[in-house]
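**Q** Sharing a sequence plus its predicted fold:
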Amino acid sequence: MSAHIQTLLLAITLGFVYWWLQIPSLSFYSLQAFAVSVVLYFVAKRASKAKIWHIAPAAQSFEMVLATFAFMILIGFTGNFESVLFPLTYVHLFFLVFSTHITTSIATALLLIVFHYALGGGAVSVAISETIAIPIMLVFFLFTKHQYNEVIREKKIIEGEEKALSNSLEKQTKITNLVTNFIQPKLAQIKELSVHADKNRDAIIGQIFIMQMEISKFLEKNRDN
């Protein structure tokens, strides 16, 4: 999905979770809602045919929306800033940065600050320190993602160069084999026939024609390589 749509869905999700937690009759079922969202998350992973060890959400997918709901309703229900599970916020932030566009990551991180601040809970000093930590961790994760992408890009360049070198060596080997195993013997044969050129005129022309045909086939076969 596009970055704009995903940002909108994540914003709606955070708003929905905040609304849910403000209503006692709904908040009572928060753990059940968490369990359902986790099940739906892995159903979505299964539907996308992800490998079993691929726990993180797929890039720019609906999986991040489900993950956001699960993380935030669990953290919010268990006390928000007072919750022993509040560090899961940074796990969620890590998933967010690595599975969404940078604009979505930044916008959602800002909304997370508003979300947690609005829910409150705990001492003011704790709330302030935890809130400040979110943009700091965001910058760290964005830098990590940038470095990771640079490594992947360089790896692809190296692999491309290695493949090009391998193709070049393979082509050189084919040319060497053509010259050694075909052209040189044919030239030697033509040289022998040319001793009596008048008598062997047709044979010489035939050998030259064979050489032309084989070289043309070789060039045609290796044109795309």
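**A** That came through fine. Keep in mind it's a predicted model, so treat the numbers as computed, not measured.
**Q** so how far is His92 from Pro57?
**A** Per Cβ to Cβ, to the nearest Å, Pro57 is found 10 Å from His92. (Each C-beta comes from the backbone N, C-alpha and C, glycine too.)
**Q** quick one, phi/psi of Ile23?
**A** Ile23 adopts backbone torsions of phi -110, psi 110, taken as degrees, to the nearest 10.
**Q** Which residue, other than its chain neighbours, is closest to the spatially most central residue of the chain?
**A** Nearest residue to the geometric centre of the chain (Cα atoms, centre = their mean): Ala59, 7.3 Å. Nearest non-adjacent residue to Ala59, counting by Cβ to Cβ, 6 or more residues apart in numbering: Ser99, 5.3 Å away.
**Q** Might one say that the one you found is in contact with Ala58?
**A** Yes. Look at Ser99 against Ala58 with Cβ atoms under 8 Å: they come within range, at 6.6 Å.
**Q** So those two - more neighbours on which side?
**A** A count of neighbours by other Cβ atoms under 10 Å puts Ser99 above the other of Ser99 and Ala58, at 19 against 14.
**Q** Now do the shared contacts for Pro57 and His92.
**A** Taking Cβ atoms under 8 Å, 6 or more residues apart in numbering as the criterion, Pro57 and His92 both touch Ala67.
**Q** Under the pLDDT cut-off, which ranges of this protein? List them.
**A** Across the chain, the ranges flagged by pLDDT under 70 are 50-53, 121-125, 223-225.
**Q** follow-up on the earlier one: next, the residue nearest to the centre of the chain: phi, psi?
**A** Torsion angles, degrees, to the nearest 10, at Ala59: phi -60, psi 130.
**Q** Begin at 392, not 1, for the rest of this chat.
**A** Sure, I'll start counting at 392 from here, so that last one is Ala450.
**Q** Would you map out the domains in this protein?
**A** Domains of the chain are assigned by automatic domain parsing as 394-513, 561-612.
**Q** Include distance to Pro526 when you put these into CSV, please.
**A** Below are those laid out as CSV (distance: least, Cβ to Cβ, whole Å):
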stretch, distance to Pro526
domain 394-513, 7
domain 561-612, 52
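**Q** quick revisit: looking at Pro448 and His483, which is more packed in?
**A** Neighbours were counted for Pro448 and for His483 using other Cβ under 10 Å; Pro448 has more, 24 against 21.
**Q** picking up where we left off before, go through the domains of the chain and pick out the most buried.
**A** Scoring those by mean neighbour count under mean count of other Cβ atoms under 10 Å gives domain 394-513 as the most buried, with a mean of 17.
**Q** quick one: that domain to chain centroid distance?
**A** On the basis of Cα atoms, centre = their mean, to the nearest Å, domain 394-513 sits 21 Å off its chain's mean C-alpha point.
**Q** what's the answer for stretch 597-615, then?
**A** A distance of 44 Å separates the centroid of the chain from that of stretch 597-615, by Cα atoms, centre = their mean.
**Q** The host helix or strand of Thr564: what's the following helix or strand?
**A** Secondary structure from DSSP states H and E places Thr564 in helix 515-569. Downstream of helix 515-569, the next assigned helix or strand under DSSP H and E is helix 575-584.
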